[in-house]
Each structure stands twice: as structure tokens, then as C-alpha cells.
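Student: What follows is a predicted structure for the sequence shown.
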Amino acid sequence: MANDKQTDLELWKTWKQTQSPNDLNKLLDNLKPLIYRETSKWQSAMPPASLESKGRLLTVEALRTYSPDRGAAVGTHVASRLRKLSRSVYPYLNVARLPENVQLKYNAFNIAQMNLNEELGREPTVEELADHLMWNIKTVANFQRNFGRSEFVESAGLAQDSSSTESLLVDFFYRDLTPTDKLLFESITGYGGKPVLSNTKLIQKYGITQGQLSYKKQLFTESLKKLQRR
């Protein structure tokens with residue numbers, strides 16, 4: 001199917017109305033050349049399965065926030081979201097240094113998230129992931145906590161080692177946050193041993209929109225980067 005703006009828009013409108021996984025897959029298939037173009041530049045940095053999984057997840061997120069009223073084409077909006085993939089590369093470089101059996105579990109975890117995200121039309125719960133992967137809930141929660149936090153904090157170029165200067169910067173950053181932002185930061189990163197929440201749960205818990213959540217995440221990341229450069 002030709003990947004043109006009108007076809008993308010028609011497929012998006014159909015999926016938006018039906019919320020059908022089949023219609024979503026048709027739209028994703030039509031966007032494949034665009035997704036590949038934007039993700040292929042990271043082939044040397046991320047395992048293929050993780051790259052494909054992350055690219056599709058980011059595309060679905062972009063499709064959910066797309067609005068034709070803003071004037072941009074579907075592909076333009078998706079491409080803009082996919083360019084943020086660079087923020088996720090650093091954690092995957094660390095994954096490559098893990099034992100092979102852990103890498104395989106990590107890839108399986110990401111693929112499961114992608115498949116359930118598309119099937120359910122939302123982020124899966126820990127219980128749903130555990131059932132899909134046939135893992136125990138504790139293992140799934142550990143993956144979400146360990147890799148979810150590293151993806152966010154390390155996207156700012158900060159280490160997780162509690163003895164490092166970078167980790168101390170995170171502590172200083174956290175102390176200067178407002179009480180509300182402290183709670184949000186904890187729920188996003190797992191800071192202080194708190195459970196990491198999915199985007200869906202974050203939106204529900206804090207009464208914010210997806211756009212507001214994305215803005216807060218970007219603000220946290222940029223503030224951490226500025227603090228590191230001082």
C-alpha cells in the first residue's frame with residue numbers, strides 16, 4: 001500500500017473510530033517505511049528486536065496523540081516522535097553488556113509490551129504482562145523498575161551507581177522539586193525505591209493528560225542535563 005499522506009489519514013481515522021487492533025496494524029503496516037527510516041539509524045546501538053519494539057511503541061503513542069486539527073500530517077507527527085528514540089539508546093547499550101540469557105528476557109519483555117499495547121489499546125498492567133510472558137509478577141515488576149528508571153535517568157546522561165557524582169546530582173535535583181513533582185518523579189523513575197507506574201497509571205493517579213505527562217518527563221530530563229553541565 002502506498003505510503004502517502006491521504007492514505008495515512010484515512011487509515012488513522014478508521015482506527016480512531018474503531019480502536020480495532022486490526023485497523024491499527026493496517027496503519028502501522030502503511031507507516032513501515034517511515035518507521036524503518038527513523039529507527040534504522042540506531043541499528044548499531046540497539047538489538048533489532050528491541051529497536052523494532054521501541055519504534056512501534058513510539059509510533060502507537062504518536063498515533064494516539066495525533067490531531068489533524070493541528071495541521072501536520074500523520075507521518076510528520078510520527079516522525080517527530082520517533083526522533084526522540086535517541087533518548088532511549090543509552091540504556092540499550094548497557095543491555096548489550098548483560099549476560100545473553102538476561103538480554104533474551106529483556107527483548108521478550110519489550111516485545112510483550114508492544115504486542116499487548118497494540119492488542120489492548122493501552123499500556124498493559126504488570127499482571128497482564130506476567131500472564132502473557134508466563135513470568136511471575138515479581139520478575140515483571142523488577143524489569144519495569146530497573147529498566148524503566150534507567151531509560152529515564154540515563155537519557156539525561158546520568159549513572160545509576162549510588163556512589164557516583166551523577167547519582168548525587170539526581171538527589172540534589174529531587175530535593176529542589178515541588179512536593180507534587182517529587183511524587184511524579186518517584187512514580188516515573190522508581191526513585192527512592194518507589195514502584196514505577198505506566199503512563200496510563202500516571203495519568204490516572206495525577207489527573208494529567210498524556211501531553212502534560214510528556215512535558216513533565218521532558219522537563220525533568222532537560223533539568224537534569226542542565227544540572228550536570230554546571
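Tutor: Received the coordinates, thanks.
Student: and residue 208, backbone torsions?
Tutor: phi -120, psi 170 (degrees, to the nearest 10).
Student: residue contacts, it?
Tutor: Taking C-beta atoms under 8 Å, 6 or more residues apart in numbering, we find residue 208 in contact with 202, 216. All C-beta spots, glycine's among them, are computed from the backbone N, C-alpha and C.
Student: Against residue 81, how distant is it?
Tutor: 19 Å (C-beta to C-beta, to the nearest Å).
Student: the helices in the chain, which residues?
Tutor: Applying DSSP state H to the chain gives helices spanning 5-18, 21-30, 32-39, 48-65, 74-82, 89-95, 100-120, 126-133, 137-154, 165-175, 179-189, 199-206, 210-229.
Student: and the first one, what does it pack onto?
Tutor: Other elements packing on helix 5-18 under the criterion 3 or more C-beta pairs under 8 Å, 6 or more residues apart in numbering; DSSP states H and E are helix 21-30, helix 74-82.
Student: which residues are in contact with that helix?
Tutor: With C-beta under 8 Å, 6+ apart as the test, helix 5-18 has contacts from 1, 23-24, 26-27, 30-31, 63, 66, 68, 73-75.
Student: excluding its backbone neighbours, what's nearest residue 65?
Tutor: residue 210 (5.8 Å; C-beta to C-beta, 6 or more residues apart in numbering).
Student: Out of the helices of the chain, which gets the lowest mean score?
Tutor: With a mean of 51, helix 89-95 has the lowest mean pLDDT of the helices of the chain.
Student: Give the burial count for the residue nearest to residue 65, as a bare number.
Tutor: Burial of residue 210 is recorded as 14 neighbouring residues (other C-beta atoms under 10 Å).
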